[in-house]
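*Asks:* give me a model of this one.
(one chain, ligands or ions: 2)
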Amino acid sequence: MLRRAFPIASQPVKHTFGVLRPAVGPSGTRGLANVHQEPSITEPPPTRGSMPPGYVASVGRLTTFALPQEVVGSRSDLALGQRMIDTWRKDGIFQIFLTPAQGATMRRAFKASKGFFRRPYEEKAKYVDDQSFSGYIASGEELTDGVADYSEIFTVTKDLPVTDPRVQAKWPCHGPCPWPDTNYATTMKNLMSLLGESGEKLLKLTALGLGLDDPNALTNLTEDGWHHMRVLRFPQVDRTNGKGKAGRGIGSHTDYGLLVIAGQDEVGGLFVRPPVEGEKLHNWEKSAAGFQENDEKWSYVPPVENVLTVFPGDMMQYLTRDHLPSTPHKVGLNTRERYAFAYFHEPNFSSVVRPLRDYGHEAKNDKPGIHYGTHFTNMFMRNYPERITAKRLMAENRMAILERIASGVSEPVPGHG
Ligand SMILES: O=C(O)CCC(=O)C(=O)O
Ligand SMILES: [Fe+2]
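*Replies:* Ligands and ions are numbered 1, 2, ... in the order given. Predicted coordinates for the structure are as follows:
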């Protein structure tokens, strides 16, 4: 393996993207990642796996950051925040090193995920809930831009007992998580809480990097945040059930909240679209799903051991008035089955997200704000119109309840108004 010393924090790192066509390779893409670390660390993590067949894309060489134990607003925190923002604006994505606790829990979570997805379809299909969108989503069930994906998913949303006042008040998307067993539940909850710690640090660093007057401007939104996670399996490209679109794991889309923090096994399948001059998507107004699905401006994200990838979601874009666009991404099926996690670090369900006052081109607050829970509900209704949860929501006219919550007309629920 090649070894070389890497630039330290204060020096910019040049990124290169090599264009590779799957027809001629690469099998076993290897390359060097750019590492943003203490000067003593000189070994970049090697990449693994290979690009899914049939896709045309450049191969991303991602910058990797080491997050501090704690974000205290020091000069090095500020420099790191600025570097993170520059990297998102250029590549749309970066990597962070896993902490040892995250690494250990991630391994347990992959094991639990494999164990669950290997169970018979008839059993898996029982793990759904009619109030929350948590639980099992079969391969060929999820729609992106109206077209079925082959991803097989277990979604985890906030696990609320039926006695929770919000569930009692029939808030849309609020309900229990239909766990397959206690080991699965404990492992996934642990993983989410450890990824959430990175999410909070990343938000503080982002606020610093943006130069916001209030360093807590972003983390104020995530108190009792509507964090959720998708535990994913993608079938081998020639072992699908025929219900999705050939070769496609998940069609091009953006995700909904502040940050997407994702982890993948060694197989490979994820592509991101680095910001392109002149392209502006506003997924909360008009669906970004299916956007430029088939052109060549995509960058393959090679799997790297012991890292997570991080990119902005729709609410980060809205808050920053497009300075940090929500990164479009898609997943292709590979020659082997693939396992992954996508964790979403989100605002509180009831929060109204407004463009940052002290940031952007206009000082005045000229945008109405987005009620995050309404945005989330709209997105899930769009993706799973046939799900039992969507049907109950419509039958009980819970959209009207949501409107009352969003306009502040509803009875406040203790602690969650
Ligand atoms: O499989 C991945 O790496 C990403 C999955 C994804 O984009 C999602 O679940 O929204
Ligand atoms: Fe996604």
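
*Asks:* what residues does the stretch 251-400 of the chain put near ligand 1?
*Replies:* Within reach of ligand 1 by C-beta under 6 Å from any ligand atom, the stretch 251-400 of the chain has these residues: 255, 262, 264, 270, 329, 331, 340, 342. Every residue, glycine included, has its C-beta placed from N, CA and C.

*Asks:* quick check: the farthest pair among those?
*Replies:* Greatest spatial distance in these: 255 and 264, 15.2 Å, computed using C-beta to C-beta.

*Asks:* give me the pLDDT for the nearest residue in space to residue 265 that is not next to it in sequence.
*Replies:* Distances taken as C-beta to C-beta, 6 or more residues apart in numbering put residue 339 closest to residue 265, at 4.7 Å, once the chain neighbours are dropped. In this model, residue 339 is scored at 98, pLDDT.

*Asks:* tell me the contacts of residue 339?
*Replies:* Shown in contact with residue 339 (C-beta atoms under 8 Å, 6 or more residues apart in numbering): 110, 113-114, 117, 232-234, 264-265, 267.

*Asks:* ok so, going back, closest to residue 67 out of the residues of the stretch 251-400 of the chain next to ligand 1?
*Replies:* The nearest one, if we look at these relative to residue 67 and count by C-beta to C-beta, is residue 262, at 15.6 Å.

*Asks:* mind checking the SS state of that closest one?
*Replies:* With DSSP: H, G, I helix; E, B strand; the rest coil as the basis, residue 262 sits in strand.

*Asks:* surely it meets residue 309?
*Replies:* Yes. Judged on C-beta atoms under 8 Å, residue 262 makes contact with residue 309 at a distance of 5.0 Å.

*Asks:* common neighbours of the two, please.
*Replies:* Residues touching both residue 262 and residue 309 by C-beta under 8 Å, 6+ apart: residue 270.

*Asks:* for the longest helix seen in the chain, buried residues please.
*Replies:* Selection of the longest helix in the chain by residue count, based on DSSP state H, yields helix 182-210. Neighbour counts using 16 or more other C-beta atoms under 10 Å place 184-185, 187-192, 194-196, 198-210 of helix 182-210 among the buried residues.

*Asks:* what does stretch 242-254 rub up against?
*Replies:* For stretch 242-254, contacts defined as C-beta under 8 Å, 6+ apart pick out 52-54, 139-142, 144-145, 147-151, 234, 237, 269, 273, 281, 283, 288-293, 313-314, 326-333, 338.

*Asks:* quick one: end-to-end distance for that stretch.
*Replies:* Terminal residues of stretch 242-254 lie 25 Å apart, using C-alpha to C-alpha, to the nearest Å.

*Asks:* now do stretch 282-300
*Replies:* Calculated as C-alpha to C-alpha, the first-to-last residue distance of stretch 282-300 is 23 Å.

*Asks:* ok so, going back, out of the contacts of residue 339, who has the most neighbours?
*Replies:* residue 234 (30 neighbours; other C-beta atoms under 10 Å).

*Asks:* distance check, that one against ligand 1.
*Replies:* In this structure, residue 234 and ligand 1 are 7 Å apart, going by C-beta to the nearest ligand atom, to the nearest Å.

*Asks:* now residue 308
*Replies:* 11 Å.
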